[in-house]
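In: using only what follows, build the 3D model:
(chains A, B, C and D)
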Amino acid sequence: MLRKSLTLPATIAAFAAFTAAASAQSTATSVYMPAIVELSGGGAVSGTNYRDGMILAMEEINAKGGILGKKIDMPLLDSQSEAGIARSQVQKVLDNKPYVIMGPVFSGSVMTSMLLAQQAEIPQIVGGEAPAITQRGNPFVFRTSFGAQFSMPKVANYVRDGAKAKSVAILWVNNDFGKGGRDSFVKEMASRDIKVVADISTESGQADFSADVVKIKAANADLIFVYTNEEESARFLREAKKQGIKTPMVGETTLLGQKVLDLAGDAANGVKGHVGLTVDAPIDAVKGFAERFKKRFNYVCDHNGMKGYTAIYMVKHVTEKVGKFDSKAFAETLHGLTITPAQEPGILMEATWDKNGDIDRESFIGEVVDGKQKIVATLPKLGLK
Amino acid sequence: MSPVLQVNNLRKSFGGIHAVNGVSFEVNDGEILGIIGPNGSGKSTLFNCVLGQLHPSEGEVRVDGQVTTGMRPCDINRLGVSRTFQLLQVFPQLSVRDNLILAGQEHQGTMFTRLIGRSDAGLGPAADQMIEFFRLSHLKDQMAGMLSYGQQKLLDAAMAFMAGPRLVLLDEPAGGVNLTMLGHLRERLQAYHAERKATFVVIEHQMEFVMALCTRVLVLAEGKLIANGAPEEIRRDPVVIEAYLGHGMNAA
Amino acid sequence: MSRAGVLAIALFALGAIIAPFMLKPFGIFLISMWAVLTIAAIGLNLTLGYAGQVSMAQGAFVGIGAYTLALLTQAGVPYPIAFVASGVLCFAIGWLLGYPALRVQHHYLAFVTLAFTTIVFLLLRNEEWLTGGIYGVNAIKRPVFFGWNTGKAMDYYFFCLGVLSVISFAVWWMLRSPWGRAFVALRENPVRALSLGLDTRRYTLMAFAIGSMLGGFSGALFASLVQFIEPASFALNRSFDLLLMVIVGGSGYFMGPFVGALISVLLPEWMRITEGYYLIIYAALVMVMMPLAPYGIVGLIERGYKSLTTKRGQQKPASVVAERAAP
Amino acid sequence: MASFIQLLVSGLATGAIYALIAVGFTLLWQTSQTINFAQGEFVMLPAFFILIAMNHGAPFWLACLVGIATSVVVLGILFKFIIVDPMLKHGVLPLVISSIALALFLKEAVKDFYSSQAQPFPVLVSAGDFHIFGAVISSQSLVVLGVAIVTVVGLHLMLNKTRLGRMMQATAQNPTLATILGVPVRKMVLYTFLVNAVLVAIASILISPIYLAKFTNGETLGMAAFLAAIIGGFNQVRGAILGGIILGILDNLSAAYLSSQYRAAFPLIILIVVILVRPQGLLGRVEERTV
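Out: Residues are numbered from 1 along each chain as shown, chains lettered A, B, ... in the order given. The predicted structure follows:
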């Protein structure tokens, strides 16, 4: 029974450690805006891109004197791509009164943690795309990319008007990201009278896609819509090429992302899709950013890198507009705000945040040609308010 | 009065090998029956079939006239039949006292009353008595695993007696026990038998032990019963001698 | 119980009561998590440590409990009823899961329970009509008892601590009753136990059912603590974590789960300085610890204490290891 | 029909790799009661040994040899002496825990010291595809199948036709008896660890072009190895082979014809049924329990 007494000092030491850890806070010279991102686990590709985009923006801003004279203090916390860990990381940083919270990227992690930030009235700038995030009436959550409910209509229009498909097969990954996209897409297909002839769920981390390709082949659709994470997309494309699928394939942002192209090689050629954000956009500011990113991190940035980069500049702009570090005023100001590259070059493309925290900006139709993404069309803003 | 234990034409085969091949015998009240036979003659298998640890391929076992074939060992035990094992079978991480209480507790009350009732299920005094009877008092609170081999054998036997059984099957109680301890064990078994009038069946290799303890002896060879009689008769039976020598075993 | 033991328990309890007053909300969240996971670990310790049934399903029971509470309270069922239902449902499912344990043991049982955990995860994820699927269940309420609202972090912590105390006492009572002896007998030598009249079938099922029920209660508390649950929280990793907690703390020791859960919850915080290398270090520590102290931290401390106080303390029962190792 | 053949062939190719992994798994179990929960990570790791060798300029074939050799040292010798041997006397469960921790350690080590992202991995042969009855069979699948069959047959011959193999078998089946018969049991146990290391390295070379080399790859592969070993028979090498192939084919067929949402559940249900109805596995022997 004595065994407990020995663990007690350890416990007390641990408690002391918590109290001592409360050092990182906004100070006279810096503003505390921690980032919770997927640095490991299934979301590591997205998370590291998002992180590096933020770091690049932070370095640029700090080099020029920071925001309202304060340097950005952005510690990085790993959510390990797990919702529960993301939640406790958010809880942890809330102890230190952050100005805003950056991330997470995974929708599930956003959903578990956004309630906490809302209760603490701290704005959270997230990368998640699941529609539900902005449909819960949370005035403190803001997206950095389209929610699936806005990107899917754009894809659907392309399926109807561009590809002129009458039937589609859907391949999606059964996690929060894939399910959200799939549900929105199916809804859009229904409203356009396009038949979904195959609806195939795949596992996150799945390696063998032969059965899925066989099913897709058998469905004989006019078009295949692929909505899976980077690695799974690449594996699927390889298997599809092997089995000789000729049906055109369409995706949303991820499918045309740099990592997929690297991994899939020539199997990605001919893939088309809607791209919310891309470094291949025919915009000079974006190209300049892409070069700086490549130079700094030695790899080609994907859309998540752009999300992270523009997010930090958005914070800078809004803060300067408010004129002080006030989390509540920040959230109020951002609703309904449009930021143009003329006002803030770092925003790269004109962007508007609506009353729910959804973002609106131009987007693109891309195509993979010779292992490279090529932008073939630019789609206008949706006009959200 | 019907016999305490009746075994009728019991057979047990493992993949074509008949370990026990049509054995029938009876054990009368108050008897100490010895079962001997060369290694592999089916003695332990016979015990396991009688006690429900193995299901016989054929045949029937009755305790006090009631058929027990097909019953689970715990139910047979609760009819008042207990046993010891050839290899050491105490609970090393329980104290000597707890081993004994455990051996008796399932005979007290129901699952529910055992849960809400006293920690020792009211068996503390009985356990202490048994400990004293087997002269283990100085080891009462030791973990059973720390006892010497002979002490564990004593404890094993004591556990078999804890619930006040009607019939006790002892599987090589003397195996591996040194001479001093052996005498002690035999003397305690005889004392218990005299005191409680319990019926014993003993499997043993140690001939002297069997001859001194048992009132009647059965001989098994290759799964069959080849002799049945008083110890002195058995010692002289040519069939028995043949069975042992035929296997190149030393009878004594 | 020794005087040192009583003193230690009192100090431990005192620590648990004053701790939240020294902590910020995140610290309170962590110790609440400790209380919640300790309950699940106590359950697993019962199944694994005392009754010797290797279960990799405890995480799934935490999940079943969490979903039961979340869905019932959202359907308007009063909190206390939903809470009890979480435990009762897990008790019933645990009882059923115990049946394979009657047929197979050790690694086979580990794989059956592992399969069960994965199937539960798939059901939680795929049966969207019931569980909300991959999106999980949101905005789970914290209970109000006779005007005491546990919505605030500290109130909820004390609620969890209260449940933990009640459960600890109940389990302690059970283990000191003949049942505790029967569970140990089941672990050490089921064949011998059977020959002593022990209904091993009933005790095995009971060990599974009660262990699972505690998993369910833990899950119910978990749901209201994090207020958002999703299937991935209850996948195989959760079961592995709980297994590690019990083993690292000391399986078969009453205090094992308390210490194991404490380490599992606090270690990531202590090791924040190691940046991303926390998991590597944790894994390495476990690998180093297992050969040195397979009986866990509490076992190590107890053995160390015994060897200080008695000369025989060092002596280890020779046959114990062999008994537990036999496949 | 074409799609059925397609599924069968793909399933066979994956199943053959599962079989390789499962065979090593059962060998370890038989000779040293090691349930290696890190077996999946053992398959994940050699691919990174090979990638590291290639990053240092080695051609692919040389890198493969380096990878196999490193596996033998790390996953064979070091694993046995550092992890397994100190644990053996403590029984099955502590070793299980150790191997779970080892799995975590290997995963995190690759993630932190190499990359968290999937890496492309070269294929052994990249020639064209074949069309049979309308099914497309890539040369890659054929190579996978071929190498797996050659390895398994070679192992089988080694175990059954050579003196060394028979000594290993004797060790696996009854170490006590083997010792009496003069078999150097300790050496034989070590050999099974080496054989396992070679098997997982080969499996890694075969599977990484398809899976892409990634630190999480072991999670599914390890599970596949357990399932195959148990379904086929934990104490039989040919049981593990059968189990692997059944699993590969079953996974593909159930995903295609039953439900893709529950594809992960079907092998588990088979597992539970096998364990409850025939715990020794389809080809396994009953291990007589003595009282």
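
In: look up phi and psi at residue 213.
Out: All of this refers to chain A. phi -70, psi -40 (degrees, to the nearest 10).

In: chain B is the one I meant
Out: Backbone torsions of B:Leu213, given as degrees, to the nearest 10, read phi -90, psi -40.

In: residue contacts, it?
Out: B:Ile32, B:Gly34, B:Arg186, B:Leu189, B:Gln190, B:Phe200, B:Val202 (C-beta atoms under 8 Å, 6 or more residues apart in numbering or on different chains). Heads up, the C-betas are built off the backbone N, CA and C, glycines and all.

In: now, those residues that are in strands?
Out: B:Ile32, B:Gly34, B:Phe200, B:Val202 (DSSP state E).

In: as TSV, the residues you listed with neighbour count, pLDDT and distance to chain D would be great.
Out: Formatted as TSV, the ones in strands among the contacts of B:Leu213 follow (neighbours: other C-beta atoms under 10 Å in any protein chain shown; pLDDT from 0 to 100; distance: C-beta to the nearest C-beta, whole Å):
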residue	neighbour count	pLDDT	distance to chain D
B:Ile32	21	91	23
B:Gly34	25	92	21
B:Phe200	24	91	20
B:Val202	24	91	17
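
In: tell me, how many residues neighbour whichever residue of the stretch 51-200 of chain C sits closest to chain A?
Out: Using C-beta to the nearest C-beta, the single residue of the stretch 51-200 of chain C nearest to chain A is C:Ile134, 4.6 Å away. Residues lying near C:Ile134 (other C-beta atoms under 10 Å in any protein chain shown) number 23.

In: show me the shaky parts of the stretch 151-252 of chain B.
Out: Residues of the stretch 151-252 of chain B that meet the criterion pLDDT under 70 lie in B:245-252.

In: in the stretch 201-350 of chain A, what residue is nearest chain B?
Out: When scored by C-beta to the nearest C-beta, the stretch 201-350 of chain A has A:Asp208 as its residue closest to chain B, at 40.9 Å.

In: wait, that residue sits on D:Ser10?
Out: Yes: at 7.1 Å, A:Asp208 and D:Ser10 qualify as touching, with contact defined as C-beta atoms under 8 Å.

In: more neighbours: which of those two?
Out: D:Ser10 (31 against 24).

In: wait, a helix at the more buried one?
Out: Yes: looking at D:Ser10 with DSSP: H, G, I helix; E, B strand; the rest coil, it is inside a helix.

In: contact partners for residue 272?
Out: By default, I'm working from chain A. A:158, A:162-163, A:248-251, A:256, A:365-368, A:376.

In: you looked at the wrong chain, it should be chain D
Out: D:Ile272 makes contact with C:Pro100, C:Val112, C:Ala115, C:Phe116, according to C-beta under 8 Å, 6+ apart.

In: export these to TSV and tack on pLDDT and neighbour count?
Out: What follows is the contacts of D:Ile272, written out as TSV (pLDDT from 0 to 100; neighbours: other C-beta atoms under 10 Å in any protein chain shown):
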residue	pLDDT	neighbour count
C:Pro100	85	22
C:Val112	89	27
C:Ala115	92	26
C:Phe116	94	22
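
In: got the residues you listed as TSV, with secondary structure columns?
Out: Below are these laid out as TSV (three-state DSSP):
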residue	secondary structure
C:Pro100	helix
C:Val112	helix
C:Ala115	helix
C:Phe116	helix
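
In: list just the nearest of these to chain B.
Out: Nearest member of those to chain B, counting by C-beta to the nearest C-beta, is C:Pro100, at 18.3 Å.

In: can I assume the closest one is in contact with D:Val274?
Out: No: here C:Pro100 does not reach D:Val274: they are 11.6 Å apart, not a contact under C-beta under 8 Å.

In: need the helices for the chain, in chain order.
Out: Since you didn't name a chain, this refers to chain A. For chain A, helices defined by DSSP state H occupy the ranges A:3-20, A:44-63, A:83-94, A:107-120, A:148-157, A:176-191, A:210-219, A:230-242, A:258-264, A:284-297, A:303-322, A:327-334.

In: try again with chain D
Out: Using DSSP H, helices in chain D cover D:2-32, D:39-55, D:60-71, D:85-88, D:92-113, D:139-161, D:163-173, D:175-180, D:185-211, D:218-232, D:237-257, D:265-277.

In: okay, angle between the third one and helix D:39-55 too, please.
Out: Read it as helix D:60-71. Interaxial angle, helix D:60-71 versus helix D:39-55 (axes from the mean of the first three to the mean of the last three C-alpha atoms, to 10 degrees): 130 degrees.

In: and residue 108, what pLDDT?
Out: Picked chain A for this. You'll see A:Gly108 listed with a pLDDT of 85.

In: I was thinking of chain D, sorry if that wasn't clear
Out: Confidence for D:Glu108, expressed as pLDDT, is 88.

In: tell me how many other residues crowd it.
Out: There are 21 residues near D:Glu108, going by other C-beta under 10 Å.
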